[in-house]
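**Q** Quick one: sequence and predicted model below, then my questions.
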Amino acid sequence: MMPDWSCTRRLPRPRCLAVYLVLASSAGCGSEVPQAVEAGDPQKGRALIVQAGCGSCHRIPGIATARGEVGPPLNHLSRRAYLAGVLPNSTANLVRWIARPQSVAPGSAMPDLGLTYAEAQDMAAYLYAPR
Amino acid sequence: MRHRRRLLLILTLAAALATAGSIFVYSGFYNVSALEQHTPPVYQLLQFAMVRSVAVRSDRSAPDLEDRERQQRGLVLYEAHCRQCHGAPGMAPEDFSLGIVPAPTAIAAIARRREAAEIFWVVKHGIKMTGMPAWEYRLTQEEMWDVVAFVKQVAHLTVDEYIDWRRQAASSSVAQPMPGSAAPHPGSSRREAVDRGRVALQQYNCISCHTIPGITAARNHVGPPLGGITRRAFIAGVLDYSDANLVRWIRFPRNIDPQTLMPELGVSETDARAMAAYFHAVDGTD
């Protein structure tokens, strides 16, 4: 897979070239964030993630209590080509997966938590840009 | 005092070189296009370095390669795995290989210029930064020598003779190669299994989709990261974690989940177990 080099076409904000080169040396130095989730609020998303207990199964960046190792870690989600091993990564697909995992992959260990699509949108917004 | 000044001079020079090097790399001045030739000195240097590297590492000895049946087995393997890039008497390589830089050497040239032991080394190890893959994980030692035995003959064959050889090989019952049958013998030691697993993860190209601790090129995000996989409760969301299930998933993902985007790569049982051993080692769960 070719990494995303679009971030290397202009001189970056960091003045220190050496620092930039180190950062750029990791594959895909820009984040390939899919189209912005219009309604998604990452702050709300973070709170929802904590409430819903996602951290009991997943390591999640920016949430120290999220240390579960039942499922895979959720770092670099914006860079992943595929979600849950079956869906191309896009905002719509991530929202679908969070809200209705059993309809995407019946029998998956990821449970339907009864989340609304609005809640899933907020959570997706956080996961794509965790802080 | 003089020592200090000299040291300062050396450090300044080193810093200047490092800066010049960074500018050279960052500016994109070096053209990686396969449409552009190397300059002759660069080309010769790279060729020479490659030839020396192989010569120094190959064993001096080779087994008996005169056996006609061995050469025929080699021809069958060659047709299956090598002709696509290296061609054959009167036969072009496949289209995709025509644009590769460096170009796959014409097989008759290899046969004439290289020692059998050197050809064996290249078949087994491949060559970095060329299109030549390593075959150690896909062919047994004997199969690789079969290929070498055939290659050494190919420079003697006319077009008609080659066609004749093919016909003979097809009609005799020469065994077809099994994928993943190769082996550096599965080491009985755990250390060997871990080392083998590390190489296998690269050889089966797991690195192109996953981020795997301890493997340089494995920094990709097509699928999920594999660090910590042996601590997880589930594999791929559908299998309870166990080493046996991990091996099953690695080998036959699409049997387990027909929707999965993970392809079946023909991983042998031995290699899948070695990969599991590697994961345990990096996860600290062994």
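**A** Perfect, I can see it now.

**Q** Show the contacting residues for residue B:96.
**A** Residues near residue B:96 by Cβ atoms under 8 Å, 6 or more residues apart in numbering or on different chains: residue B:84. From N, CA and C alone the C-beta is placed, and that goes for glycine too.

**Q** From residue B:104, how far off is it?
**A** Plainly put, residue B:96 is 11 Å away from residue B:104 if you go by Cβ to Cβ, to the nearest Å.

**Q** and residue B:261, what does it touch?
**A** Taking Cβ under 8 Å, 6+ apart, we find residue B:261 in contact with A:82, A:85-86, B:223.

**Q** most neighbours, which of those?
**A** The most crowded member of these, judged by other Cβ atoms under 10 Å in any protein chain shown, is residue B:223 (21 neighbours).

**Q** just checking, it touches residue A:84?
**A** No. Using Cβ atoms under 8 Å, residue B:223 is not in contact with residue A:84, being 10.0 Å away.

**Q** got the phi/psi numbers for residue B:81?
**A** Torsion angles at residue B:81 (phi, psi; degrees, to the nearest 10) stand at phi -120, psi -20.

**Q** same thing with residue A:52?
**A** As for residue A:52, its main-chain torsions (degrees, to the nearest 10) stand at phi -70, psi -10.

**Q** Now do the contacts for it.
**A** Contacts for residue A:52 (Cβ under 8 Å, 6+ apart) come out as A:113, A:115, A:123.

**Q** Check it and give its pLDDT.
**A** What the model reports for residue A:52 is a pLDDT of 96.

**Q** try the one 3 residues further on
**A** At residue A:55, the model reports a pLDDT of 96.

**Q** Then residue A:103?
**A** 94.

**Q** For the helix or strand it falls within, name the packing helices and strands.
**A** Per DSSP states H and E: residue A:103 is located in helix A:101-104. Helix A:101-104 sits against helix A:91-99, with contacts defined as 3 or more Cβ pairs under 8 Å, 6 or more residues apart in numbering or on different chains; DSSP states H and E.

**Q** how about the helix it packs on against chain B, any contact?
**A** No. Using Cβ under 8 Å from any Cβ of the partner chain, we find that helix A:91-99 stays clear of chain B, coming within 10.5 Å at best.

**Q** And for that helix, what's in contact with it?
**A** Counting by Cβ under 8 Å, 6+ apart, A:34-37, A:40, A:77, A:83-84, A:87, A:103-104, A:110, A:115-117, A:119-121, A:123-124, A:127-128 sit against helix A:91-99.

**Q** Sort out for me which of these are in strands.
**A** Those of the contacts of helix A:91-99 mapping onto strands are A:83, A:87, per DSSP state E.

**Q** out of the contacts of helix A:91-99, which are buried?
**A** Neighbour-count burial (16 or more other Cβ atoms under 10 Å in any protein chain shown) applied to the contacts of helix A:91-99 gives A:34, A:37, A:40, A:77, A:83-84, A:87, A:104, A:110, A:115, A:119-121, A:123-124, A:127-128.
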